[in-house]
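Asks: this one's sequence-less:
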């Protein structure tokens, strides 16, 4: 029996859209073909007669289509419940909001755990490498299907912000505005290194078995995936918030155990993060999606980042968080500067929020982000439609 | 044939000292007994007739007794070659310098890979949990054996700095000065979390086999240890130095491979770090030594950190590095403040160095640390002997 939490939006459910299910496949950035492709998505609110109120939410590495409301499948509350709902900044009474699980994911959209029609078995590592640009092009197919010609905004944090940026460059005339939050035009060397460590942790697990762990009875690379998650999770938190939350507090004890067991609260917390995650995420999807993040470069083949931004047509609201050391404010500032260099400085707003919550702030700081987003959307709607 | 590098100090060799080899064992902080205990150590220079020139170097997590010179065993140059040698800040012409592999290590001092006399087999997880305080008490036995009654200084970076601090509190009258570099009076929640991730990565490797991988033919937990090293290594580097050194440069290619292979220079570098490390370090030692770091609290049973420092009798030179985010300058400043609160502000020097090299700066920044250390040692020698 699913646990039913409360949500002002009520019960929401996942829908599915499939394309490239004929002989014509979808060609990826790598040049490889893929099809059919199923997209799991949710929508909240109603598309207006003028088609001027559509918002696309893009999720981060381990997110899914269930951004808000109570899932009809498992009773879970959506991952961006703090921002999406009636009367909220992403107002489901005003806007038609779409959120889709990314290509390569494991929450309903085609990914490495999906059946490969050529073999009748899960793709595993036969799944082609995908990119952020590919994720966006799949979302474009979904919007075509839903009859959305232009987005009031495309919004997302972290990898979701990368997708929002890619939207603005790949489909300039469809993007009235973009809200890239706690994100970057490309990962730094350190960012790539964290991803690589996560992948190595998964691949070091013998149960990973070169990706072929889907057969019934085959153990899953849970230990490796848990380590990958622990590393990732730690990069999402700030030193300050961890010190405040855990410090050196011991868990249910007064003295050290002098063992390798759980002595410190922070150890217990980390292990819990790993244990919860392995139940909800597919290890191969973790490999593919982190690789897509490594490969993402908004500049791409343009001579400069400013040249990439020069092709965009919409407005931008960048949001960064002071204690986010994974996607530090300087990376948002790099993009603000590039837009100014591209002669588009007049379409940029930048909100550098003070927050102790590290990278995770994009999921938590509703009070700070909310009013800025509300005002930005009202202005864009007024000026662009 | 070992590769012989050049060193102003020339060839150095490891010596061994064994104690607690009778019925009387060495009692650890945990209350468990251990013995016999062998200590691998090196010495450079000569103890003066007045016994006023002894310096103890304490090494970090993965270091060893071979701080300087060309190893007679494998031709390697010492890990602190930039600071130790004739005419250098830790001047082997003037000082009698001792460096010992820590208790729990795998470079000659008794640790989990040593033979357990009770079973005739390696201890593995039968080895008792050890602490920084235990490491220091073993070093004390070595100094007694070497006839050193008082140290001109005890110096070390990172975990070596923890040992220097513990020396000053455990043996106040033996420590004329301490030079704790890039270190902390206790790990933060984040520091404990990184250690825990390293341990989980090792334990997730099936070849770890609950620590029992020493039997001939048994594979070693190399994949897990490599991941632990990659995580650790990344925390030793600054974002700035990684961006400068690697950025997003591809390795020997112009375009993405669209695979999980090595595309980026930083991936190649990280993997190399893992591969080199597994050849030189024991996975169980990694578990024990990181646990000792977690458990270290200079304050211990004292009511406050200032109360702990109040028992010390020597001078202090703290050194921190601006880009060190694992042991940030604020942790050194916490100790400077505690000494001031303890009424010992007059014995403290603090050098907050600007450096792009992150935590690793303590191994690299000879030009910055050198003159400060030279001057401090001369003053302490003048005032204290």
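Replies: Yep, it's here. Remember, predicted model here, so these are calculated numbers, not experimental data.
Asks: nearest spatial neighbour of residue A:58, skipping sequence neighbours?
Replies: residue A:156 (3.3 Å; C-beta to C-beta, 6 or more residues apart in numbering or on different chains). C-betas here are computed from N, CA, C, even on glycine.
Asks: element containing the one you found, please.
Replies: If you go by DSSP states H and E, residue A:156 is part of strand A:153-157.
Asks: what parts of the stretch 251-385 of chain A come near chain B?
Replies: Within the stretch 251-385 of chain A, the residues that sit near chain B (C-beta under 8 Å from any C-beta of the partner chain) are A:256, A:258-260, A:263-267, A:270-271, A:274, A:287, A:291, A:294-295, A:297, A:325, A:328.
Asks: ok, back up a step: gap between the helix or strand that the strand holding residue A:156 is followed by and the chain center?
Replies: Counting by DSSP H and E, the element after strand A:153-157 in chain order, helix or strand, is helix A:159-170. Relative to its chain's centre, helix A:159-170 lies at 11 Å (C-alpha atoms, centre = their mean, to the nearest Å).
Asks: just stretch A:71-81 next, same as before
Replies: 16 Å.
Asks: give me the distance between the two termini of that stretch.
Replies: Stretch A:71-81 has an end-to-end distance of 12 Å (C-alpha to C-alpha, to the nearest Å).
Asks: may I see the buried residues of that stretch?
Replies: Neighbour counts over stretch A:71-81 (16 or more other C-beta atoms under 10 Å in any protein chain shown) mark A:71, A:76, A:77, A:78, A:79, A:80, A:81 as buried.
Asks: run through who's touching that stretch.
Replies: Residues outside stretch A:71-81 that contact it (C-beta atoms under 8 Å, 6 or more residues apart in numbering or on different chains): A:2-5, A:7, A:9, A:11-14, A:57, A:59, A:63-64, A:66-70, A:84, A:90, A:363.
Asks: can you check stretch A:27-37 too?
Replies: Contacts of stretch A:27-37 (C-beta under 8 Å, 6+ apart): A:18-22, A:24-26, A:103, A:109-110, A:117, A:128-131, A:133-134, A:138, A:141, B:256, B:258.
Asks: that stretch: which residues count as buried?
Replies: A:28, A:29, A:30, A:34, A:35, A:37.
Asks: got a pLDDT number for residue A:6?
Replies: Looking at residue A:6, its pLDDT stands at 84.
Asks: that one: neighbour count?
Replies: 8 (other C-beta atoms under 10 Å in any protein chain shown).
Asks: now do the same contact list for it.
Replies: residue A:70 are the contacts of residue A:6 under C-beta under 8 Å, 6+ apart.
Asks: distance of it relative to residue B:344?
Replies: As judged by C-beta to C-beta, to the nearest Å, residue A:6 and residue B:344 stand 57 Å apart.
Asks: just residue A:150 next, same as before
Replies: 69 Å.
Asks: go on, residue A:79?
Replies: Counting by C-beta to C-beta - residue A:79 and residue B:344 are separated by 51 Å.
Asks: could you pull up the mean pLDDT of the strand holding residue A:156?
Replies: Strand A:153-157 comes out at a mean pLDDT of 98.
Asks: okay, now the sheet partners of that strand, with direction.
Replies: strand A:54-58 (parallel), strand A:177-181 (parallel) (DSSP bridges).
Asks: what's it in contact with?
Replies: By C-beta under 8 Å, 6+ apart, strand A:153-157 touches A:55-60, A:90, A:162-164, A:167-168, A:175-183, A:362-363, A:373, A:376-377, A:380.
Asks: show me what residue of the stretch 251-385 of chain A gets nearest to chain B.
Replies: As assessed by C-beta to the nearest C-beta, chain B sits closest to residue A:258 within the stretch 251-385 of chain A, at 3.9 Å.
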